[in-house]
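[1] here is a sequence with its predicted model. Questions after.
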Amino acid sequence: MEFESVIGLEVHAQLKTRTKIFCNCSTAFGAPPNTHTCPVCLGMPGVLPVLNKKVVEYAIRMAIATNCTIARESRFARKNYFYPDLPKGYQISQYELPIAEFGYIDIEQNGNKKRIGITRIHIEEDAGKLTHDPNRPVSMVDFNRTGVPLIEIVSEPDIRSPEEAGAYLRHLHSVVRYLDICDGNMEEGSFRCDANVSVMLKGSETFGTRAELKNLNSFKHVEKAIYFETERQKDIVLDGGEVIQETRLWDPAKSVTTSIRTKEDAHDYRYFPDPDLLPLVVDDDWVDRVKATLPELPDARMKRFVREFSLPPYDAGVLTSSREIADYFEDCLKVFPEPKQVSNWVMGSLLGLLNAEGKSIEDSPIPAHDLGALLKLMDEDVINGRMAKTVFEKMAQTGKTPKTIIKEDGLVQVTDASAIEAIVSEVLARSPKEIEDYKNGKTRVIGFFVGQVMKATKGKANPKIVNEILKDKLSC
């Protein structure tokens, strides 16, 4: 029996507004518990919510970027459930009439492109946060996050593997950051995901019973949790059992999912239109104004990098994976307009350094201008490639410019042909056996000669000139 996974993702993106969705409380992360609250977000009797216009604008931006149809009229609804982190006893969300529907994004996995449908995007408020005491049976609630604006992006069940789920989620993450509507911080919960997973027999058109997976706060956790859950459900079916519709929690320490409750259906939440909020009307002029402010998005920027800079698609994909990396790359080109060389250094030395130190491109110790200046100095033969790596490391350690480091450390490349020729002659004079090997066809021994010359000049000799002089002398 061959099975196929059926996966749909519900992605919550916390919007980068300064204030909450229905009140003026701050959305800043990390404040002392329950200090960013007021009667509105705490649901006190007699208060009325007032919609934050910026929330709607951000939702429209995301809808356009994901090819959705934007509803000219949508409604807020009350989603009723009782949990300690929900002070009103309901969550203001959208249900029957969301702000956007019927969109899609295209992903690429192992060289194959696939279109993933987006069922809907709706606006809602976040709930609070519970903290559980590990030493006693006590939980504490922090309402700072209550009322923080979210958009929920619900995919069609078009995803068929953990890897596709990861590719889809990474693409959405890139889009919200390009649009600058969400900071994408998964550890802080500002970009989070629930996965609906089921299995069915290959070739079937009837989906199996789904389980919803929660606590997925990294791309790797999403992929690992989906893989475990699909294998768990396959084993149940093969053993003659039935998969139960339920909500399960991913345990990253044990790499398993565990049941926490039966999965609710929409009718369990008793949705009804919120009587305190008017219908949300979005006209064509508003959509057009928002569309005019959209930045170049990841897919378009990647295609431009391939077309304009003649970069391989892989390079272009890495460089445009985040808006900040793409900006850094283009800022380097303003100083040193050689795309492939800049690409190699950004993808190799720079990203390698940042990954090793757990830093993002925004925290790079080497500004784009300075990296471009370093590559320009290497291109002008002021320093060679080996020296450039040394200078790069010192730039990262000290924050100094490449010219300053070169001057202080005396790293200027030796390009005087007569000086290099004298050193080459000395190396050849003490290497008769290697000269004989070279003349007998062992041409690789030239690497030995180059190494000896570089050693004698402490790595400062211009390798190109060294090779030219060596080949000239060895041909005699």
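    Cool, got the structure. Numbers count the residues shown, from 1 in each chain.
[2] all the helices of the stretch 251-400 of the chain, residue numbers only.
    For the stretch 251-400 of the chain, the helices defined by DSSP state H, counting those that start in this stretch occupy 284-292, 298-309, 313-319, 323-335, 339-345, 351-357, 368-379, 385-398.
[3] figure out which of those helices is closest to N34.
    Within the helices of the stretch 251-400 of the chain, the stretch nearest N34 is helix 323-335; the backing value is 33.6 Å (CB to CB). C-beta here means a position set from N, CA and C on the backbone, and glycine is covered the same way.
[4] from the chain's centroid, how far away is that closest one?
    How far helix 323-335 lies from its chain's middle: 17 Å, per CA atoms, centre = their mean, to the nearest Å.
[5] which other helices and strands does it contact?
    In terms of contacts (3 or more CB pairs under 8 Å, 6 or more residues apart in numbering; DSSP states H and E), helix 323-335 is packed against helix 162-179, helix 298-309, helix 313-319, helix 339-345, helix 368-379.
[6] what average pLDDT does the longest helix along the chain get?
    For the chain, the longest helix by residue count, based on DSSP state H, is helix 219-238. Helix 219-238 shows a mean pLDDT of 95.
[7] now swap in stretch 150-162 and tell me
    96.
[8] with stretch 80-96 instead?
    Mean per-residue pLDDT for stretch 80-96: 93.
[9] now do stretch 330-337
    On average, stretch 330-337 scores 97.
[10] how about that stretch as CSV, C-alpha atoms only?
    The C-alpha trace of stretch 330-337 is given here as CSV (Å, rounded to 0.1, in the frame of the first residue of the first chain):
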residue,chain,number,x,y,z
GLU,A,330,23.3,45.4,-4.7
ASP,A,331,25.0,47.9,-2.4
CYS,A,332,28.3,46.0,-2.9
LEU,A,333,27.8,46.3,-6.7
LYS,A,334,27.7,50.1,-6.4
VAL,A,335,31.4,50.0,-5.3
PHE,A,336,32.5,46.9,-7.3
PRO,A,337,30.3,46.1,-10.3
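[11] kindly reformat the helices and strands packed on helix 323-335 as CSV containing mean neighbour count and distance to R145.
    As requested, the helices and strands packed on helix 323-335 are exported to CSV (neighbours: other CB atoms under 10 Å; distance: least, CB to CB, whole Å):
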stretch, mean neighbour count, distance to R145
helix 162-179, 22, 18
helix 298-309, 17, 28
helix 313-319, 18, 34
helix 339-345, 19, 40
helix 368-379, 20, 35
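[12] in stretch 25-42, what's buried?
    Of all the residues in stretch 25-42, those buried under the rule 16 or more other CB atoms under 10 Å are 25, 27, 36-37, 40-42.
[13] state the pair within those residues that is farthest apart.
    Between any two of the buried residues of stretch 25-42 (CB to CB), the greatest distance is 15.4 Å, for T27 and L42.
[14] sec struct for L130, please.
    For L130, the assignment made with DSSP: H, G, I helix; E, B strand; the rest coil gives strand.
[15] hmm, it is touching D85, no?
    Yes: when contacts are counted by CB atoms under 8 Å, L130 is listed as touching D85 (5.2 Å).
[16] setting aside sequence neighbours, what's the nearest residue to A63?
    Nearest-residue entry for A63: A100, 3.6 Å, with adjacent residues in sequence omitted and distances by CB to CB, 6 or more residues apart in numbering.
[17] and that neighbour, how many neighbours does it have?
    By other CB atoms under 10 Å, the residues close to A100 number 27.
[18] any idea how far it lies from D126?
    A100 is 19 Å from D126, where distance means CB to CB, to the nearest Å.
[19] ok, L130 and D85, which is more surrounded?
    For the pair L130 and D85, the greater number of neighbours falls to D85 (15 against 12), based on other CB under 10 Å.
[20] contacting residues for the residue nearest to E362 when sequence neighbours are not counted?
    With CB to CB, 6+ apart as the criterion, E362 has its nearest non-adjacent residue at 5.5 Å, and that residue is E324. If you count contacts by CB atoms under 8 Å, 6 or more residues apart in numbering, E324 has them with 360-362.
[21] will you turn the helices and strands packed on helix 323-335 into a markdown table that also has distance to F272?
    Shown next, in a markdown table, are the helices and strands packed on helix 323-335 (distance: least, CB to CB, whole Å):
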| stretch | distance to F272 |
| --- | --- |
| helix 162-179 | 30 |
| helix 298-309 | 39 |
| helix 313-319 | 45 |
| helix 339-345 | 55 |
| helix 368-379 | 53 |
